[in-house]
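A.B. asks: fold the stuff below for me.
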Amino acid sequence: MKVAVFAYSRQGCKTARKVMGYFSGDEVRAYTMERFEEPDFGAIERPSKPFYEPIFAWSDAMVFVGAVGIAVREIAPFIRSKLTDPAVVSMDELGHYVIPLLSGHIGGANDLALSLAEVVEGTPVVTTATDINKKFSVDAWAARKGLAITNLSIAKSVSAEILERPVPVKSDFPVVTELPNGVVAAEEGKIGIYISCSKEKPFEETLLLVPPVLHLGIGCRRGTPVEKFREAVDSVLKEYNIHPKAIKQVTSIDIKSNEEGLLEFCKERNLPAVFYTAEQLWEVPGEFTPSQCVLRFTGVDNVCERSSMIGAEKLLVKKTIRNGVTVAIAAEAWEVSF
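C.D. replies: Sure thing, here's the model as predicted:
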């Protein structure tokens, strides 16, 4: 986690050091006014937009120790989206009150404020409606679980609806805990939450939450260009109605680890590429689509299916060939817990 801490007085620096101690092990940058020359703090010559802008873009969390107005003025020009803005927390220099200002749910500012309040022995001041009414916060829960929120507008509508009446939730995965306050199990309705790797919309307004649990196994000829990977993968995802956000990683055999087209595709989609040896692929249990040609060139009878199944539970899409690229998709075991 990348954290920026700001203090604007000597007392504020004392409180900030307590905050910095909480983030032990994280990457922390601390700043105070230049005239104080405090150890462990970078110097702020004078607060200005050029100073705060790159820090806002770099950080996962920003903690301001000082007046709330300072934090509001400094972050205001850079606020863009709940999905990308860092968590921002403000506290007074004595740590009496700890206030999440930005990205309370998705960015985790509410939880961070609660934790920091314990550290400085202060009072957290959380103002989001679902939290103070003790109702399910769908965006906060999705962020904690690492699920992709596919539509922020519908997420807002769901949060508003939960304050009025229970919202239906449907899951393609086993639900292993009791449902939280504000949701009920249902298959249809006007507005609802759907936890799935599919692009289906069972509700009139569907908030689709997508867990990244699928392994995309790929095989290819030497020198296959990146556009062939795009076409093949997009074609298979469309055919099987799979949401792209459900893909966790790309897998293949180690002799493909220097394939420029494959590596460029992974970079474009922001997906890690995991490569296995032929020996590792042979050890994968199960029945796979064999190919003598693949065996001759790679030393194993199947690359895409076998590689996708390492660390997975079920093969969802068997070997599918598109323009010389072979694609298979396997799913990890995953459960819903609230």
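
A.B. asks: show me the contacts for Val284.
C.D. replies: Arg306, Met309, Ile310 (CB atoms under 8 Å, 6 or more residues apart in numbering). Where C-beta positions appear, they are placed from N, C-alpha and C, glycine not excepted.

A.B. asks: same deal with Leu112?
C.D. replies: By CB under 8 Å, 6+ apart, the neighbours of Leu112 are Ala61, Val63, Ala87, Val89, Pro100.

A.B. asks: then Ala185?
C.D. replies: With contact taken as CB under 8 Å, 6+ apart, Ala185 is in contact with Pro168, Val169, Lys170, Val175, Leu179.

A.B. asks: one step back: so which of the contacts of Leu112 comes closest to Asn151?
C.D. replies: Lowest distance from Asn151 to the contacts of Leu112 (CB to CB) belongs to Ala87, with 21.6 Å.

A.B. asks: just give the number of residues close to that closest one.
C.D. replies: For Ala87, the neighbour count with other CB atoms under 10 Å is 25.

A.B. asks: ok, Lys18 next?
C.D. replies: By other CB under 10 Å, the residues close to Lys18 number 14.

A.B. asks: try the one 3 residues further on
C.D. replies: Other residues lying near Gly21 total 10 when counted by other CB under 10 Å.

A.B. asks: Val119 is in contact with that one, correct?
C.D. replies: Yes - with contact defined as CB atoms under 8 Å, Gly21 reaches Val119; the gap is 7.3 Å.

A.B. asks: before we move on, back to that, tell me which of the contacts of Leu112 fall in helices.
C.D. replies: Counting by DSSP state H, the contacts of Leu112 place none of their members in helices.

A.B. asks: adding distance to Glu37, write the residues you listed out as TSV.
C.D. replies: TSV is the format used below for the contacts of Leu112 (distance: CB to CB, whole Å):
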residue	distance to Glu37
Ala61	25
Val63	21
Ala87	29
Val89	26
Pro100	31
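
A.B. asks: now those in TSV, please, with extra columns for pLDDT.
C.D. replies: Formatted as TSV, the contacts of Leu112 follow (pLDDT from 0 to 100):
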residue	pLDDT
Ala61	98
Val63	98
Ala87	97
Val89	98
Pro100	97
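
A.B. asks: show residues contacting the longest strand along the chain.
C.D. replies: Using DSSP state E, we find that the single longest strand of the chain is strand 314-322. For strand 314-322, the external contacting residues (CB under 8 Å, 6+ apart) are 214, 228, 231-232, 235-236, 239-240, 242, 286, 288-289, 302, 304-305, 308-309, 326-331.

A.B. asks: give me the sheet partners of it and which way each runs.
C.D. replies: strand 325-331 (antiparallel) (DSSP bridges).

A.B. asks: could I have the CA atoms of the strand it pairs with written out in CSV?
C.D. replies: Output of strand 325-331 as CSV, limited to C-alpha atoms (Å, rounded to 0.1, in the frame of the first residue of the first chain):
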residue,chain,number,x,y,z
VAL,A,325,-4.5,-19.4,-31.2
THR,A,326,-5.9,-22.0,-28.8
VAL,A,327,-7.9,-20.9,-25.8
ALA,A,328,-9.2,-22.6,-22.7
ILE,A,329,-10.8,-21.2,-19.6
ALA,A,330,-10.8,-22.7,-16.1
ALA,A,331,-12.4,-21.5,-12.8
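
A.B. asks: and that strand, how far from the chain's centre?
C.D. replies: 23 Å (CA atoms, centre = their mean, to the nearest Å).

A.B. asks: what does stretch 55-69 give?
C.D. replies: 21 Å.

A.B. asks: one step back: please spell out the PyMOL selection for the buried subset of the contacts of Ala185.
C.D. replies: To isolate the buried members of those in PyMOL, using 16 or more other CB atoms under 10 Å:
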select buried, resi 168+169+170
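
A.B. asks: specify which member of the contacts of Ala185 is nearest to Thr206.
C.D. replies: Lys170 (8.9 Å).

A.B. asks: surely Ile79 and Leu102 touch.
C.D. replies: Yes - with contact defined as CB under 8 Å, Ile79 and Leu102 form a contacting pair (6.7 Å).

A.B. asks: can you pull out the helices in this protein?
C.D. replies: 10-22, 49-58, 68-75, 109-120, 129-132, 138-145, 152-162, 226-239, 260-268, 278-282, 292-298, 304-309.
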